[in-house]
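Asks: Predicted model and sequence follow; I will ask about them next.
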Amino acid sequence: MSKMHVKLKVNGRQVEGLAEPRMLLVHFLREELGITGPHIGCETSHCGACTVDMDGRSVKSCTVFVAQADGAEIVTVEGLTNPDGSLGVIQEKFREHHGLQCGFCTPGMITRAHRLLQENPNPTEEEVRFGIAGNLCRCTGYQNIVKAIMAAAAELNAAKEAAQ
């Protein structure tokens, strides 16, 4: 199969590459661009370890062909850090509230939490649980993940209020 030329904006940076149209976005990110935050888990969209933000919505990058992503804006967990490279608010709250154990689900979970908080800046605990339902964690029991997301929402809202 012939390769196609793809252009993406990934974590704020324009990138280009050649890929077979049937190559999955997760493989393109990891193998061609060296962006290893999105993890390859089930490759069936069930686990959410590969979740990225694509054009303002959460997608499982194991179910998106790179051809479908051509021209898209992609944000991975790496793109959620602060400009100085320090942890972003959601990342820091996951660390602070022990929202991870083995860490395998963490990049997808944080990326999904980012989009959830963009869609609903002040979610209830029930809304957080519903919002991350497509991302599986086999270690934590979700309690600290939910606490981390709730704490991130509170901090982001406080910062937004202080800026006004």
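Replies: Here it is on my side, so go on.
Asks: contacts and neighbour counts: CA atoms only from here.
Replies: Noted.
Asks: How about the contacts made by E125?
Replies: By Cα atoms under 8 Å, 6 or more residues apart in numbering, E125 lies in contact with V146, M150.
Asks: Need the per-residue pLDDT for it.
Replies: Looking at E125, its pLDDT is 98.
Asks: now do the one 3 residues further on
Replies: In this prediction, V128 carries a pLDDT score of 98.
Asks: Also G71?
Replies: Reported pLDDT for G71: 98.
Asks: Tell me, how many residues neighbour it?
Replies: Around G71 there are 16 other residues, counting by other Cα atoms under 10 Å.
Asks: Spatially nearest residue to it, not counting backbone neighbours?
Replies: Take G71 and drop its neighbours on the chain: the residue closest to it by Cα to Cα, 6 or more residues apart in numbering is L8, 5.0 Å away.
Asks: buried ones in the helix or strand hosting that neighbour?
Replies: Assigned by DSSP states H and E, L8 falls within strand 4-10. Across strand 4-10, burial judged by 16 or more other Cα atoms under 10 Å covers V6, K7, L8, K9, V10.
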